[in-house]
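Colleague: Give me the fold of what follows.
(2 chains)
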2 protein chains.
Amino acid sequence: MTDLQTVLDYADAHLDDSLDRLFEFIRIPSVSTVPAHAGDCCAAAKWLSDQLGDLGFDASVRDTQGHPMVVGHGTNAPGPHVLFYGHYDVQPVDPIDLWDTGPFEPTLKPAPDGDTHITGRGASDDKGQLLTFIEACRAWKAVTGSLPIKISMLFEGEEESGSASLGPFLEKSAEELQADVVMVCDTDMWDRETPAITTMLRGLVGEEFTITTADRDLHSGMFGNAARNALQVASDALSSLRTPDGGVALAGFYDGVEDLAPEIRDQWNSLPFDQDGFLSDVGLRIPAGESCYSIMEQVWARPSCEIHGVIGGYTDPGFKTVIPAKATAKVSFRLVAGQDPARIRAAFRAHIRSHVPEDCSVTFTSHGASPALSLPLDSPYLAATRAALSEEWGTEAALAGTGGSIPIVGEFKRQLGMDTLLVGFARFDNRIHSPNEKYDLSSFKGGIRSFVRVIAALAEIDESTA
Amino acid sequence: MTDLQTVLDYADAHLDDSLDRLFEFIRIPSVSTVPAHAGDCCAAAKWLSDQLGDLGFDASVRDTQGHPMVVGHGTNAPGPHVLFYGHYDVQPVDPIDLWDTGPFEPTLKPAPDGDTHITGRGASDDKGQLLTFIEACRAWKAVTGSLPIKISMLFEGEEESGSASLGPFLEKSAEELQADVVMVCDTDMWDRETPAITTMLRGLVGEEFTITTADRDLHSGMFGNAARNALQVASDALSSLRTPDGGVALAGFYDGVEDLAPEIRDQWNSLPFDQDGFLSDVGLRIPAGESCYSIMEQVWARPSCEIHGVIGGYTDPGFKTVIPAKATAKVSFRLVAGQDPARIRAAFRAHIRSHVPEDCSVTFTSHGASPALSLPLDSPYLAATRAALSEEWGTEAALAGTGGSIPIVGEFKRQLGMDTLLVGFARFDNRIHSPNEKYDLSSFKGGIRSFVRVIAALAEIDESTA
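Modeller: Below is the predicted model:
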């Protein structure tokens, strides 16, 4: 315990150095979905590999069909072997004109609540978050010369664009990456004071489709009424995806979906949650989902369908009386336990096809698929981690669900049989995927301290009983 | 009649010079809806004013709030005073990659039917068409030293972007522009052999709206289901504009709309029209409008609603699981006799508002409004023009309708009390508003010859009986 306090003190004393490294990392514009940033993704991978090297890890950048992976292994140690995962890629920055400062020019800004905001794309998702774990390891290494447990790390660069290379890479590297448990830092705290471990994750099916009507754009004066309008077909198809009561209208969509177990609903209801504030914080008031479910259930426990993008016809300033021959839409479904991604994809495509007239056509592109997942509540790693978090923050860590999807969790379970501990320090208002993304300095500092404690707690586990 | 033949011969002998001038005109990229082309619009106006000066007209460029007008007056003469109208602005050129040659690099291309295509944006709409009239005047002037009737000309530069300056300009210049009849060259021939005068025009109401839901884009993992999606609201609203049978669903939309008079329907049915070929020419087969009306009635005599553009959310390559907070759509309605544009606009806005949830908002932008119009069939100018066209083409000129809207026709009627003769030589397949716009050389040559004859025929009208 003397060691632990010394390591915590070291981490606090060197927070400015940790921040300098985070700023360096944010300055690399590693937007995975934009081909022009491929070189930046490689640079971010190299940067991470160098950090692991500094910790004495055996680390390297590994090529894939897409952006590279980073893999590093620490030295052997007693106790559980933890594989830490994060992603170095970030979301696109558009609309760029809504950023107060450059997305790749990190700054520190005093916040009204007395905290300090670290701004920039990836400040929270996931550069700031993953660095809390690396910096915790750095503190252990600096104070004690080694890490008290064996730690491996894996970083990918395609989390924000479908993780296409992840499955093949895990399959190829199954033996190398085998560990006792996976740790991921890509989730939120429950609220400013309450840490959380996310034990229930929604899955995701991403789809894009393009409707084609005529063989060219037409003039609405000459063809209006008679020629099919691709945007009308797309609007009809998209509108039909939702039922008037906020449900999803695909055939068989809710087959296998069960309501929350009463004990989980009770635990959720006991957590502090501001039902009205959740929407009013973003300028809304009326929940859009199924009215018979609470907002918490709508976003964590109910499957959803969202339209992420639509484009077709003339969209520049002014007006053009064109009948567009093409319209494209991006749509995703968030899945819960009991839903099979492949079956949902098939139902979606059949649904869209049923709205396309016989003389028109539609093509589809897949943007990833992952099932929903939940963590066994009797895991000793969960218990140790929860105790460490509760100690650091002075309040019992919540066991939460999340509406988001973290495909790696499913891949680790399916390919390597490993469960994943999702421990994150992001806040609800971090504007991830939006302009002015930020990470609270208290998240960064508390995250590093939390992982210093989690590593100590995991080292205490008696592996013979785990 | 000797004069007439000499003038026709002159026009034929100097066709290459006329083509050179058309090429010069097309090379000016006068796209009115794109602000960056404002200077080009001024250059096109100046070019036209210079052409009228060469004809001995008292011509000048007149400033407006938008792009300038060109006005020119020929010398006095007996017989009717004709005001010729055209527009020098052109449609945007996107998608640019579908053009075989540059939109502003006119070329002559042999066509499979033995004709020659003059290619380029505006080759047909309306640079090639309006120049047929100017070149006819040039031939008269060259051969006889003057024009046999008094001719004034008015050219605007905002026809493709809503004609916002036209109404105020006509109001201010009502006295100066007063004439006996207006002549416009911006319409089609009936078919390759049959000239046409368009006597029935649909009106237009153009609208743009933007739905706003949350105060920022949101992450669908965190907010999916619970937060309203602007693209879902827009899709629902757009889908609701059409009824399942191809009609328009606005409240009161068809109030005052009457079916075609049987005698007009009979005349239309007697014209050669390939009902199947109309759609198969553009890769379609199934008419999208009201199934109880023929295609010809759908595009000429029935009001319509078309979606011209939609954009919202993430539309670049790849995928982004955003819940968009904004979605924008451009929509227009083609109107027929009996429909009031202001009433249709109000019904549209009320309809869209009814689809916007209480905690969301919508804003509207108007993109012009014009009522439908029809020309009195007992006009002596119509009779003279029809006879001249029939003589030139060797077949009786058709009296046609059109689905397009030519706002100037309504403005001349409303503000100056003048009827408009719509005489054009464009072909159905000219791809106006689309990539690879073209004008047939036979349209250009035959158009010049036609107007040489029309001017002669109008000169024969006894004004005391007109």
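Colleague: phi, psi of the one residue sitting closest to the centre of chain A?
Modeller: By C-alpha atoms, centre = their mean, chain A has its centre lying nearest to A:I406, at 5.1 Å. Backbone torsions of A:I406, given as degrees, to the nearest 10, read phi -130, psi 90.
Colleague: Residues contacting the lowest-mean-pLDDT helix or strand in chain A, please?
Modeller: In chain A, no helix or strand scores lower on mean pLDDT, DSSP states H and E than helix A:262-270, which sits at a mean of 79. By C-beta atoms under 8 Å, 6 or more residues apart in numbering or on different chains, the surrounding residues in contact with helix A:262-270 are A:260, A:296-297, A:300, A:399, A:401. (Each C-beta comes from the backbone N, C-alpha and C, glycine too.)
Colleague: farthest pair in those residues?
Modeller: Greatest spacing in those, by C-beta to C-beta: A:E297 and A:L399 (15.6 Å).
Colleague: Show only the entries of the contacts of helix A:262-270 found in strands.
Modeller: Under the assignment DSSP state E, the contacts of helix A:262-270 contribute A:399, A:401 to strands.
Colleague: From the contacts of helix A:262-270, list the buried ones, please.
Modeller: A:260, A:296-297, A:300, A:399, A:401 (16 or more other C-beta atoms under 10 Å in any protein chain shown).
Colleague: Just confirm A:T328 is within a helix.
Modeller: No. Checked against DSSP: H, G, I helix; E, B strand; the rest coil, A:T328 lies outside a helix; its state is strand.
Colleague: ok, the residue nearest to it when sequence neighbours are not counted - contacts?
Modeller: Leaving aside its sequence neighbours, A:T328 sits nearest to A:T210 (C-beta to C-beta, 6 or more residues apart in numbering or on different chains; 4.5 Å). Going by C-beta under 8 Å, 6+ apart, A:T210 touches A:326-328, A:362-363.
Colleague: now for those residues, which pair is the farthest apart?
Modeller: A:A327 and A:T363 (11.8 Å).
Colleague: So for those two, which sits in the more crowded spot?
Modeller: Shown here are A:A327 and A:T363; by other C-beta atoms under 10 Å in any protein chain shown, A:A327 has more neighbours (27 against 10).
Colleague: so that one makes contact with A:F209?
Modeller: No. Here A:A327 does not reach A:F209: they are 9.0 Å apart, not a contact under C-beta atoms under 8 Å.
Colleague: Any idea what A:S152 is bridged to?
Modeller: On the basis of DSSP bridges, A:S152 is bridged to A:H73, A:L83.
Colleague: got the contact list for it?
Modeller: For A:S152, the contacting residues are A:71-74, A:81-84, A:177, A:179, by C-beta under 8 Å, 6+ apart.
Colleague: Using JSON lines, lay out those together with pLDDT and neighbour count.
Modeller: Converted to JSON lines, the contacts of A:S152 look like this (pLDDT from 0 to 100; neighbours: other C-beta atoms under 10 Å in any protein chain shown):
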{"residue": "A:V71", "pLDDT": "98", "neighbour count": "22"}
{"residue": "A:G72", "pLDDT": "98", "neighbour count": "22"}
{"residue": "A:H73", "pLDDT": "98", "neighbour count": "19"}
{"residue": "A:G74", "pLDDT": "97", "neighbour count": "24"}
{"residue": "A:H81", "pLDDT": "97", "neighbour count": "19"}
{"residue": "A:V82", "pLDDT": "98", "neighbour count": "25"}
{"residue": "A:L83", "pLDDT": "98", "neighbour count": "23"}
{"residue": "A:F84", "pLDDT": "98", "neighbour count": "23"}
{"residue": "A:L177", "pLDDT": "97", "neighbour count": "20"}
{"residue": "A:A179", "pLDDT": "97", "neighbour count": "20"}
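Colleague: Could you list the low-confidence segments of the stretch 1-150 of chain A?
Modeller: Along the stretch 1-150 of chain A, the model assigns pLDDT under 70 to residues A:1-2.
Colleague: related to what we said a few turns ago, could you single out the nearest of the contacts of A:T210 to B:S49?
Modeller: Once C-beta to C-beta is applied, the member of the contacts of A:T210 that ends up nearest B:S49 is A:K326, at 40.1 Å.
Colleague: Setting aside sequence neighbours, what's the nearest residue to the residue of the stretch 151-300 of chain A found nearest chain B?
Modeller: Here the stretch 151-300 of chain A gets closest to chain B at one residue, A:G221, 2.6 Å apart by C-beta to the nearest C-beta. Counting by C-beta to C-beta, 6+ apart, the nearest residue to A:G221 once its immediate chain neighbours are dropped is B:G404, at 2.6 Å.
Colleague: who are the neighbours in contact with the one you found?
Modeller: Contacts of B:G404 by C-beta under 8 Å, 6+ apart are A:219, A:221-222, B:187, B:201-202.
Colleague: what do you get if the cut-off is 7 Å, keeping everything else the same?
Modeller: A:221-222, B:202 (C-beta atoms under 7 Å, 6 or more residues apart in numbering or on different chains).
Colleague: Out of these, list just those in helices.
Modeller: Among the contacts of B:G404, DSSP state H puts A:221-222 in helices.
Colleague: Scan the contacts of B:G404 and report the most crowded one.
Modeller: B:R202 (30 neighbours).
Colleague: per-residue confidence for it?
Modeller: For B:R202, the model assigns a pLDDT of 88.
Colleague: ditto for A:E258
Modeller: Note on A:E258: pLDDT of 87.
Colleague: Whichever residue of the stretch 1-150 of chain A sits closest to chain B: neighbour count?
Modeller: Chain B sits closest to A:T33 of the stretch 1-150 of chain A, with a gap of 3.2 Å, by C-beta to the nearest C-beta. The burial count assigned to A:T33 is 20, neighbours taken as other C-beta under 10 Å.
Colleague: Check the gap between the residue lying closest to it once chain neighbours are set aside and A:A45 for me.
Modeller: Spatially, and ignoring its direct neighbours in sequence, A:T33 is nearest to B:G318 (3.2 Å; C-beta to C-beta, 6+ apart). According to C-beta to C-beta, to the nearest Å, B:G318 stands 19 Å off from A:A45.
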